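In: For reference, the sequence and a predicted model appear below.
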Amino acid sequence: MFIPPRYVLAPYLPTPHNVVEGMLRLADVKASDTVYDLGCGDGRLVISAAETRGARGLGVDIEPYWVEQSRLNASAAGVSHLARFEQADALDLDLSPATVVFAYLVHWSTRLVAQHFVKSARPGTRLVSHSFPIELGPTRSESVVAEDGTSRIIHLFIAPSSS
């Protein structure tokens, strides 16, 4: 069985802006939240959370190009004081400061991120995945169709208590 390198979690494919809004709405992001975007690409989720909700955020990407592009986009949007971007492997990131985690990966990497999320995130932290469900044993994410006139689906999973 072929197992791709860990750092290749997904190709860059931008989330449409109306799906970004749906993801923020599904997670019920507020100014008091700290959002993380794993594989942030151009930073649009963290930037939108900062612009529209006043939330602080961290976007991480393995590719230096996308980290720099995200920083430029945050600066252009005037939210650099709320939105940070770092080059990092999503699977090495401590998720405990986050209250909301976003991901738009592929099926197998979504599974890896979900396993890392359960180990690293605090109970009650929301994980929102674009397109791919969160499936951990018998526990499944809640799914909704994005309001963009397509069949895009976004998924919400809440970190369980450790008991």
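Out: That came in fine, so what should we check first? Numbering: from 1, shown residues only.

In: When you work out contacts or count neighbours from here on, use the C-alpha atoms and nothing else.
Out: Noted.

In: what kind of secondary structure is V60 in?
Out: At V60 the chain is in strand, as set by DSSP: H, G, I helix; E, B strand; the rest coil.

In: okay, now the closest residue to it other than its chain neighbours: neighbour count?
Out: Distances taken as Cα to Cα, 6 or more residues apart in numbering place E86 nearest to V60, at 5.0 Å, with adjacent residues excluded. By the measure other Cα atoms under 10 Å, the count of residues near E86 is 18.

In: Next, the buried residues of the one helix or strand G22 maps to.
Out: Element membership for G22, per DSSP states H and E: helix 17-27. For helix 17-27, burial by neighbour count (16 or more other Cα atoms under 10 Å) applies to V19, V20, E21, G22, M23, L24, L26, A27.

In: just checking, what packs against whichever strand or helix holds F117?
Out: With elements taken from DSSP H and E, the one containing F117 is helix 107-120. Secondary structure elements in contact with helix 107-120, counted by 3 or more Cα pairs under 8 Å, 6 or more residues apart in numbering; DSSP states H and E, are strand 135-136.

In: Quick one: mean pLDDT over the strand it packs on.
Out: Along strand 135-136, the predicted local confidence has a mean pLDDT of 76.

In: those strands in this structure, which residues are they?
Out: Taking DSSP state E as the criterion, the chain contains strands spanning 34-38, 56-61, 83-87, 100-103, 126-130, 135-136, 139-140, 142-145, 153-158.

In: Outside of stretch 120-136 itself, list whatever touches it.
Out: Identification of contacts with stretch 120-136 by Cα atoms under 8 Å, 6 or more residues apart in numbering yields 23, 26-27, 94-107, 110-111, 114-115, 117, 140-141, 143, 152-162.
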